[in-house]
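Student: the following comprises the amino acid sequence and a computationally predicted model.
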Amino acid sequence: MTEWKKIEDGGFEEREKWDPEASPELEGTLIERKDNVGSYNQTLCCVKDSDGIELNVWCPTVLKKYLSQVSIGSGVKIIYKGKKKNKSGQGMYKNFDVFVGAAPEVSSKDSEGDNLPF
């Protein structure tokens, strides 16, 4: 008998979603990026914050442009700057600042400051 495996939409795990209006800053490690997700073919990224929580980040055009320049595994800080009028003045878009940092270092010391054997 054939064993069947369900295909999930976009292959992304169900995670908590970042709400930039409720919490305008997100800082952590970019751990995943997937294009053409959902019925609107959007970009979805995942950022692991300093508490180890993995948050899905839906990327409007501006954020997609910036995060496309960030390598998976790099540190990233995203700041939501609110809505801004577009060049024609007829519409609004979500504006972000994005900062990139070096990949987080893994400590080789335990919680008591002793060197670990690896």
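Tutor: Done, it's in. Numbering: from 1, shown residues only.

Student: which other residues reach stretch 58-76?
Tutor: Counting contacts by Cβ atoms under 8 Å, 6 or more residues apart in numbering, the residues outside stretch 58-76 that touch it are 17, 27-33, 42-45, 47, 57, 78, 93-96, 98-104. Any C-beta I mention is one placed from the backbone N, CA and C, and that applies to glycine too.

Student: redo that, cut-off 7 Å
Tutor: Taking contacts as Cβ atoms under 7 Å, 6 or more residues apart in numbering, the residues outside stretch 58-76 that touch it are 28-33, 42-45, 47, 93-96, 98, 100-104.

Student: stretch 81-99 now?
Tutor: Counting contacts by Cβ under 7 Å, 6+ apart, the residues outside stretch 81-99 that touch it are P60, T61, V62, L63, Y66, L67, V76, K77, I78, I79, Y80.

Student: max pairwise distance over these: which two?
Tutor: Using Cβ to Cβ, the pair of these lying farthest apart is T61 and K77, separated by 19.5 Å.

Student: between these two, which has more neighbouring residues?
Tutor: K77 (14 against 11; other Cβ atoms under 10 Å).

Student: find the helix or strand that the more buried one is a member of.
Tutor: Remark: K77 resides in strand 75-85, with elements defined by DSSP states H and E.

Student: give me the distance between that strand and the centre of its chain.
Tutor: For strand 75-85, the separation from the chain centroid amounts to 12 Å (computed by Cα atoms, centre = their mean, to the nearest Å).

Student: and that strand, average pLDDT?
Tutor: The predicted model assigns strand 75-85 a mean pLDDT of 96.

Student: the next helix or strand after that strand pairs with which strands?
Tutor: Scanning forward in sequence from strand 75-85, with DSSP H and E defining helices and strands, the next element found is strand 92-101. Listed by DSSP bridges, the sheet partners of strand 92-101 and their directions read strand 75-85 (antiparallel).

Student: please identify the buried residues of the partner strand?
Tutor: Across strand 75-85, burial judged by 16 or more other Cβ atoms under 10 Å covers G75, V76, I78, Y80.
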